[in-house]
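A.B. asks: No letters, just coordinates:
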């Protein structure tokens with residue numbers, strides 16, 4: 001099972017890392033570690049999380065207010081659509097599905 005990121009989702013991950021690292025040394029690294037753990041859970045159990053929209057699911061990141069919005073293709077590849085801050089606009093990423 002392959003995991004890939006939309007470019008904008010990679011940028012969101014990087015920006016969140018920078019923000020947390022600025023707040024406290026090594027907090028950004030802890031954030032990335034938890035995101036990696038969430039993605040690992042997704043790869044093992046891609047259908048474990050409820051449908052977030054018609055085409056997507058959301059897995060929450062432990063210890064941080066973020067969710068991983070992803071889509072599973074018919075050939076079981078995973079596309080990360082957004083690394084979403086749960087305290088911001090909830091549907092900002094929906095135009096990425098086209």
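C.D. replies: It's in. Quantities reported herein were computed from a predicted structural model and do not represent experimental measurements.
A.B. asks: I'd like the distance from the strand or helix carrying residue 83 to the chain centre, please.
C.D. replies: Per DSSP states H and E, residue 83 falls inside strand 78-85. Relative to the chain's own centre, strand 78-85 is displaced by 4 Å; criterion: C-alpha atoms, centre = their mean, to the nearest Å.
A.B. asks: helices or strands next to that strand in the packing?
C.D. replies: Contacts defined by 3 or more C-beta pairs under 8 Å, 6 or more residues apart in numbering; DSSP states H and E place strand 78-85 against strand 3-5, helix 7-23, helix 27-44, strand 66-72. Any C-beta I mention is one placed from the backbone N, CA and C, and that applies to glycine too.
A.B. asks: Pairing partners for it, with directions?
C.D. replies: strand 3-5 (parallel), strand 66-72 (antiparallel) (DSSP bridges).
A.B. asks: Can you say which helix or strand has the residue lying farthest from the centre of the chain in it?
C.D. replies: Taking C-alpha atoms, centre = their mean, the residue of the chain most remote from its mean C-alpha position is residue 25, at 22.1 Å. Using DSSP H and E, residue 25 is not contained in any helix or strand.
A.B. asks: mind listing what it touches?
C.D. replies: By C-beta atoms under 8 Å, 6 or more residues apart in numbering, the contact list for residue 25 is empty.
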